[in-house]
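Chemist: With the input below, show me the fold.
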Amino acid sequence: MNPLSKPTAFVALLTGLLAQPTLAQLSLPEPSPSASIKQKIGFTDLTIDYSRPAVKGRTIFGKLVPYGELWRTGASDATILTSTDPMTVGGKLLPAGKYSLFTIPTRTEWTVILNSYTEGHGTAGYEAKNDVLRFTVKPDSSVRFYESFTIEVQDLVKNQANLYLTWANTSVHFPLVSNADERITADILKRTAAATDEESGVFYQSALYYFDTNKDAKQALTWATKAATGKPAFNYLHLQAKLLAMTGDYKAAIAAARKSAELAAEKKFAEYVTLNKQLIAEWEKKL
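Modeler: Okay, here's the model as predicted:
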């Protein structure tokens, strides 16, 4: 017998055993990669952390995700939504904080749930008593096919947006509204009350915000008039003209628009000249 055979066999066995931990530590991509989205809505910082499972040729809703059952709305750990300020979600007030996001899909309606328990894996640890809010939304068909489950903040305008949950060809969305309007309005009232007549910029910005958000037109007109009186700039007069028209004073609106067009022409702002002429033509028909 070869005297080297036994040690050689032992070395081979030892080498094989030592190799096992290396195989166990093989690094592979996550089947449902983690993702995080961040979006500022108004003054609110919104963060959503979730995992993105893939379709992989499977039927998703009604099969992989059964209808009528609580879904983690993603994969792996529970999907987490964090908001730095109170906001309205799906028409209901959500206090600032960290929440788990669950849904109960059906063919015709989804229940959306925000829950205060955030340490669970999947739906483990979920209890309805910890629900902070619930609301229902109607699912839509997505023209685009989404291989991976996707959460998106879209349709962002000023202090509001829509949150979309989409997978395969199914999508649901619901509105997110920050408390920015409440904070801005309070600041406007405070600053306009303290402003002098010479602070035209404060009055103009306040009037413009009220105009853009369809607030009290008479109050906005008061501020716009103060701004235009203190500083007869073409943009100040243009806003004053639109607010005069909103309150039904078309004759005064036309006069303000003509003055705005004249000043805009002097400053070579052709766009404002055109806008004012269009409004004048429209308002003259209402005299």
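Chemist: Okay, now the unreliable bits of the stretch 1-150 of the chain?
Modeler: 1-24 (pLDDT under 70).
Chemist: and if we set it to 50?
Modeler: Residue ranges of the stretch 1-150 of the chain with pLDDT under 50: 1-4, 6, 9-18, 22.
Chemist: where exactly do the strands run in it?
Modeler: 34-41, 44-51, 79-83, 87-89, 92-94, 97-105, 110-115, 131-137, 140-157 (DSSP state E, counting those that start in this stretch).
Chemist: for those, which one sits closest to residue 166?
Modeler: Across the strands of the stretch 1-150 of the chain, residue 166 has its closest neighbour in strand 140-157 (4.9 Å, C-beta to C-beta). For the C-beta atoms, the positions are set from N, CA and C on the backbone; glycine is no exception.
Chemist: tilt between that closest one and strand 97-105?
Modeler: Here the directions of strand 140-157 and strand 97-105 differ by 160 degrees (axes from the mean of the first three to the mean of the last three C-alpha atoms, to 10 degrees).
Chemist: neighbouring contacts of the next helix or strand after strand 140-157?
Modeler: Sequence-wise, the next helix or strand downstream of strand 140-157 (DSSP states H and E) is strand 160-178. For strand 160-178, the external contacting residues (C-beta atoms under 8 Å, 6 or more residues apart in numbering) are 39, 41-44, 46, 48, 53, 55, 60-61, 73, 85, 87-91, 103, 105, 110, 112, 135, 137-142, 145-146, 148-155, 159.
Chemist: again, but for stretch 88-98
Modeler: By C-beta under 8 Å, 6+ apart, the list of residues contacting stretch 88-98 reads 80-87, 112, 114, 116, 118, 132-133, 135, 137, 163, 174-177.
Chemist: redo that, cut-off 7 Å
Modeler: With contacts defined as C-beta atoms under 7 Å, 6 or more residues apart in numbering, stretch 88-98 is touched by 80, 82-87, 112, 114, 118, 132-133, 135, 137, 174-177.
Chemist: Buried ones among those?
Modeler: 80, 83, 85, 87, 112, 114, 118, 132-133, 137, 174, 176-177 (16 or more other C-beta atoms under 10 Å).
Chemist: How is this structure divided into domains?
Modeler: Per automatic domain parsing, the domain ranges recorded for the chain read 34-178, 181-284.
Chemist: Which is the succeeding secondary structure element to the host helix or strand of residue 255?
Modeler: Assessed by DSSP H and E, residue 255 sits inside helix 250-266. Later in the chain than helix 250-266, the nearest helix or strand by DSSP H and E is helix 270-284.
Chemist: Run through the neighbouring helices and strands of that following helix.
Modeler: Secondary-structure packing of helix 270-284 (3 or more C-beta pairs under 7 Å, 6 or more residues apart in numbering; DSSP states H and E): helix 234-246, helix 250-266.
Chemist: buried set for that helix?
Modeler: 272-273, 275-276, 279-280, 283.
Chemist: can you list the residues you listed in a markdown table and add pLDDT and distance to residue 240?
Modeler: A markdown table is the format used below for these (pLDDT from 0 to 100; distance: C-beta to C-beta, whole Å):
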| residue | pLDDT | distance to residue 240 |
| --- | --- | --- |
| 272 | 97 | 13 |
| 273 | 97 | 16 |
| 275 | 98 | 14 |
| 276 | 97 | 11 |
| 279 | 98 | 12 |
| 280 | 98 | 14 |
| 283 | 98 | 13 |
